[in-house]
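# Here is a sequence with its predicted model. Questions after.
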Amino acid sequence: MANIESIPSATPQIDHWQARIDLAAAFRWAARLDMHEAVANHFSFAVSDDGRTFLVNPHGRHFSQIRASELLLVDADDPDTMNRPDAPEPTAWFIHGAVHRNVPQARCALHVHSRYATVLASLADSTMPPIDQNTMRFYGRLAIDETFGGLGLEEEGERISTMIGDKTVLVMANHGVMVVGETIAEAFDELYYFERACETLITAYSTGRPLRVAPHDVAALTAQQWLDYKDGPKNHFREIKAILDAEEPDYRT
């Protein structure tokens with residue numbers, strides 16, 4: 001086990017170091033959960049007060065290898081971003097740039113093609129009936145994009161960003177999922193539980209038997225109880241970083 005005191009925790013010459021550490025941890029844990037897709041998919045986190053300057057993963061880097069110092073700092077209002085020698089992957093720029101310009105609550109934006117969320121996005125009906133505690137967490141809280149317009153390049157990125165509205169989870173038709181949040185811990189916790197909820201729902205559908213759907217009042221109450229449990233995301237993410245600190249502390253470098 002690594003000595004936590006020997007793990008680099010600050011690099012003065014690189015800005016936004018704690019945010020970089022947390023976002024790198026999110027990448028590493030997403031890889032452990034098999035939520036990544038080759039060297040595609042992308043996470044970002046806004047570091048400016050207006051939300052338009054943000055960190056995003058470098059082009060072509062596997063989630064399991066990403067380190068804090070490698071994250072790119074880009075400006076959502078800078079049209080020359082894709083001319084940089086270290087330009088991000090095009091869909092990362094067009095989707096996340098649009099999200100950080102257009103969605104005020106999206107301090108953190110996590111986009112993946114995780115297995116069960118993508119299955120849900122591939123169904124003609126991508127709604128999530130409340131059949132267990134995890135699916136009830138998202139009761140009345142999902143945005144569903146019913147239209148797929150191709151890879152998330154310029155026009156599609158802008159269109160996707162307009163679909164989120166005031167929600168934190170966007171089911172992206174024929175594509176995957178986008179989760180947004182105020183902090184990296186909150187967004188990652190939401191992503192984790194959404195994938196778990198999708199797994200339960202898709203597994204239940206696969207039985208071919210009728211679903212036991214909770215009534216509206218119970219589902220709405222449970223969704224609110226999840227929102228009231230403020231310490232959950234913070235504690236979840238603290239433990240993720242503790243495991244990474246012990247097993248692969250280079251994410252902090």
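Sure, I can see it.

# alpha carbons only for contacts and neighbour counts from here, please
Fine.

# and the helix or strand encompassing Ala117, how far out from the chain's middle?
According to DSSP states H and E, Ala117 maps onto helix 115-122. Its chain's C-alpha centre and that of helix 115-122 lie 15 Å apart, by C-alpha atoms, centre = their mean, to the nearest Å.

# Against which helices or strands is it packed?
When contacts are defined as 3 or more C-alpha pairs under 8 Å, 6 or more residues apart in numbering; DSSP states H and E, helix 115-122 packs onto strand 169-172, strand 176-181, helix 184-206.

# Need these in JSON lines (columns: mean pLDDT, distance to Ser44 and mean neighbour count).
What follows is the helices and strands packed on helix 115-122, written out as JSON lines (pLDDT from 0 to 100; distance: least, C-alpha to C-alpha, whole Å; neighbours: other C-alpha atoms under 10 Å):
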{"stretch": "strand 169-172", "mean pLDDT": "96", "distance to Ser44": "15", "mean neighbour count": "24"}
{"stretch": "strand 176-181", "mean pLDDT": "96", "distance to Ser44": "9", "mean neighbour count": "25"}
{"stretch": "helix 184-206", "mean pLDDT": "98", "distance to Ser44": "9", "mean neighbour count": "19"}
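
# Trp93: which of those is closest?
Comparison of the helices and strands packed on helix 115-122 against Trp93 by C-alpha to C-alpha identifies strand 176-181 as nearest, at 14.3 Å.

# Name every strand pairing with that closest one and say which way it goes.
Next to strand 176-181 in the sheet, as set by DSSP bridges, lie strand 108-112 (antiparallel), strand 169-172 (antiparallel).

# how many degrees apart are the longest one and helix 184-206 in direction?
The one in question is strand 108-112. Here the directions of strand 108-112 and helix 184-206 differ by 30 degrees (axes from the mean of the first three to the mean of the last three C-alpha atoms, to 10 degrees).

# pLDDT of strand 108-112, averaged?
Strand 108-112 shows an average pLDDT of 97 in the prediction.

# Now that strand - C-alpha only, CSV.
This file holds the C-alpha atoms of strand 108-112, laid out as CSV (Å, rounded to 0.1, in the frame of the first residue of the first chain):
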residue,chain,number,x,y,z
CYS,A,108,-19.2,18.7,-14.2
ALA,A,109,-20.3,16.8,-17.3
LEU,A,110,-19.7,13.1,-17.7
HIS,A,111,-20.5,11.4,-21.0
VAL,A,112,-20.2,7.6,-21.5
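
# Report the angle between that strand and helix 115-122.
Relative orientation of strand 108-112 versus helix 115-122 (the same axes, to 10 degrees): 80 degrees.

# ok, residues contacting strand 108-112?
Residues outside strand 108-112 that contact it (C-alpha atoms under 8 Å, 6 or more residues apart in numbering) are 35-37, 41-46, 96, 99, 176-184, 187-188, 191.

# 7 Å instead?
For strand 108-112, the surrounding residues in contact (C-alpha atoms under 7 Å, 6 or more residues apart in numbering) are 35-36, 41-46, 176-184, 187.

# Centre of the chain to the helix or strand of the chain with the lowest mean pLDDT, how far?
Every helix and strand of the chain was ranked by mean pLDDT, DSSP states H and E. The lowest is helix 154-163, at a mean of 85. For helix 154-163, the separation from the chain centroid amounts to 17 Å (computed by C-alpha atoms, centre = their mean).
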